[in-house]
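Q: what would the 3D arrangement of this be:
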Amino acid sequence: MEKGIKQKYSPKSSAGGDKINLALIASGSGTDANSIMEAWEAGCIPEINPPILISTKKGAGCLEKARSHGLNTVEKNYKDFPSPDLFNRDLAQTLKSNFTDLIFLVGCIHKVYPIEGISMYNIHPADPARHGGDKMYGLAVHQHVLEEVKDLLYRGKKMVSDNFYTYSTVHEATLDYDGGDMLLRQAVLIPDNIVKGFYEEMMDPKQAAKALQEVVLPYEWLMLPAAVRMSARRILEKRRALG
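A: Numbering: from 1, shown residues only. Take a look at the predicted model:
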């Protein structure tokens, strides 16, 4: 069920000084994961050792992106497991064997259970409280945001000329879908042409959601490296406090 190279990292970096071990878990093309990998390769996340990429889908594009950065990968095809529990049990063994300190879910469409002793975060393209939950990923999230905007316009609470925002959020991952505490949030202005096009039905729902996704993604790519640094520093500060 598992393919790839498992590389174990020491809690200490080879250059000396504390660093943490990061695992990126993705299911698709890996654009969110790539923003972190590029930042790490450029030396912009000095708190972490070389991250490992775990794909929950066989042959997903995220694997090749990780290899292009010289990083180790693990292919753990969700469909090969009889149940979510067995998938998560196997995943936990891999993460523990790699001495993982921190997990970022970056485009992972499957539910990953929290693991004691390992911090885990997820990025959501909108406000998780209003636009999160089971099956709320990909274009479904952006369409849900636009439906909310449409409802405000329909009820006369807002005008088409008003500004509307969606809120990309990095939050702790818990057993509840999109239910963890917020780490980082960014307000993203929804372009007027998308608001008007969706409300006046000049754009079909998927077309409008795709257009909004293309606006939001670059903000996610800016947020994720910063979120990794913030969460990594939390772990290091706690480690130092414990001596």
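Q: which residues touch the residue nearest the centre of the chain?
A: Nearest to the geometric centre of the chain sits V106, at 2.8 Å (Cα atoms, centre = their mean). When contacts are counted by Cβ atoms under 8 Å, 6 or more residues apart in numbering, V106 touches 24-26, 30, 32-33, 36, 123, 224. Yep, even glycine has a C-beta here, placed from its N, CA and C like the rest.
Q: mind doing that once more with 7 Å?
A: Shown in contact with V106 (Cβ atoms under 7 Å, 6 or more residues apart in numbering): 24, 26, 32-33, 36, 123, 224.
Q: between these, which is closest to F81?
A: A26 (17.0 Å; Cβ to Cβ).
Q: and the gap between that closest one and A33?
A: Between A26 and A33 the computed distance is 5 Å (Cβ to Cβ, to the nearest Å).
Q: what's the overlap in contacts for those two?
A: Contact with both A26 and A33 is made by residues 53, 62, 106-107, according to Cβ under 7 Å, 6+ apart.
Q: helices or strands next to the helix or strand encompassing M120 in the packing?
A: Using DSSP states H and E, M120 sits within strand 119-124. For strand 119-124, the elements it packs on are strand 102-105, strand 165-172, helix 205-241, judged by 3 or more Cβ pairs under 7 Å, 6 or more residues apart in numbering; DSSP states H and E.
Q: kindly reformat these as a markdown table containing mean neighbour count.
A: A markdown table is the format used below for these (neighbours: other Cβ atoms under 10 Å):
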| stretch | mean neighbour count |
| --- | --- |
| strand 102-105 | 24 |
| strand 165-172 | 21 |
| helix 205-241 | 17 |
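Q: can you list those in TSV and add mean pLDDT and distance to K135?
A: Below are the helices and strands packed on strand 119-124 laid out as TSV (pLDDT from 0 to 100; distance: least, Cβ to Cβ, whole Å):
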stretch	mean pLDDT	distance to K135
strand 102-105	98	15
strand 165-172	97	18
helix 205-241	96	14
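Q: of those, give the one that comes closest to G156.
A: Of all these, strand 165-172 sits nearest to G156, with 19.3 Å by Cβ to Cβ.
Q: okay, and the helix or strand of the chain with the least pLDDT?
A: Lowest mean confidence among the helices and strands of the chain (mean pLDDT, DSSP states H and E): strand 2-4, at a mean of 47.
Q: helix or strand next in line after that one, which one?
A: Sequence order places strand 22-26 as the next helix or strand after strand 2-4, per DSSP H and E.
Q: and that following strand, which strands flank it?
A: Sheet partners assigned to strand 22-26 using DSSP bridges are listed as strand 52-55 (parallel), strand 102-105 (parallel).
Q: cheers, nothing more for now.
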